[in-house]
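Q: Provided below are the primary sequence and the corresponding predicted coordinates.
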Amino acid sequence: LSGQRVRLPIPMRDLQPADVAHVRGEADAQALKLKYHNARVHSAQMPGGDVAPTLYDVLEQARCEAIGSNKMVGVNENLGAALEERYRRQGLHRITDRNDATMPEAVRLMARQRLTGAPPPPAARALCELWEPVLKEKIDKALDELGENLLDQEAYGQAVRKLLQDLDIDLGAETSTETN
């Protein structure tokens, strides 16, 4: 996604149903971000630090996708197929231990499940099983707050910052949270 331009995977001529769902899911994810994401609000609340910006971005994408998923069942299914393909390509279905690189996706999937009721895609179940015992107690209340603010990007961004603090993640230099 760049401005108003979207890049999608080029489909093959004879697509299998799973491939169709994957391409639709990628398209849906980008369309939902175009529809529900305000870049100005997002950047005004963007935390600094090393891990915080990544988590902030994936949780904003989870917000946009949850809005669409809750409105349209087909979108939810397509997004699940796209996530399954992405996580399988990343090898998350073979994960056997926790590491810092996988934590943002585990948080994203916990948020997705809380916001939509959708379970993690099969390729990410092991990831969630590894991280959930460590994360659940720390961020359970913050995940509820994300759900309460799903349709208000500014309030959701504040809830994400609270979630990051609950995880003891450095937010970097304090930035203005005003969106004028």
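A: Structure received. Residues are numbered from 1 along each chain as shown.
Q: output stretch 37-49 as PDB, restricted to C-alpha atoms.
A: The C-alpha trace of stretch 37-49 is given here as PDB (Å, rounded to 0.1, in the frame of the first residue of the first chain):
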ATOM      1  CA  HIS A  37      -7.000   4.100   8.500                       C
ATOM      2  CA  ASN A  38      -6.100   7.700   9.000                       C
ATOM      3  CA  ALA A  39      -2.400   8.100   8.500                       C
ATOM      4  CA  ARG A  40      -2.300  11.500  10.300                       C
ATOM      5  CA  VAL A  41      -3.800  10.100  13.500                       C
ATOM      6  CA  HIS A  42      -1.500   7.000  13.200                       C
ATOM      7  CA  SER A  43       1.700   9.000  12.800                       C
ATOM      8  CA  ALA A  44       0.700  11.400  15.600                       C
ATOM      9  CA  GLN A  45       0.500   8.600  18.100                       C
ATOM     10  CA  MET A  46       3.400   6.400  16.700                       C
ATOM     11  CA  PRO A  47       5.700   5.400  19.500                       C
ATOM     12  CA  GLY A  48       9.500   5.300  19.200                       C
ATOM     13  CA  GLY A  49      11.800   2.600  20.300                       C
END
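Q: and it, which residues are buried?
A: Within stretch 37-49, the residues that count as buried by 16 or more other Cβ atoms under 10 Å are 37, 41-42, 44-47. Where you see a C-beta, it was placed from the backbone N, CA and C, and this is true even at glycine.
Q: go on, stretch 25-36?
A: Buried residues in stretch 25-36 (16+ other Cβ under 10 Å): 25-30, 32-33, 36.
Q: cool, stretch 56-64 as well?
A: With the criterion 16+ other Cβ under 10 Å, stretch 56-64 contains buried residues 56, 58-64.
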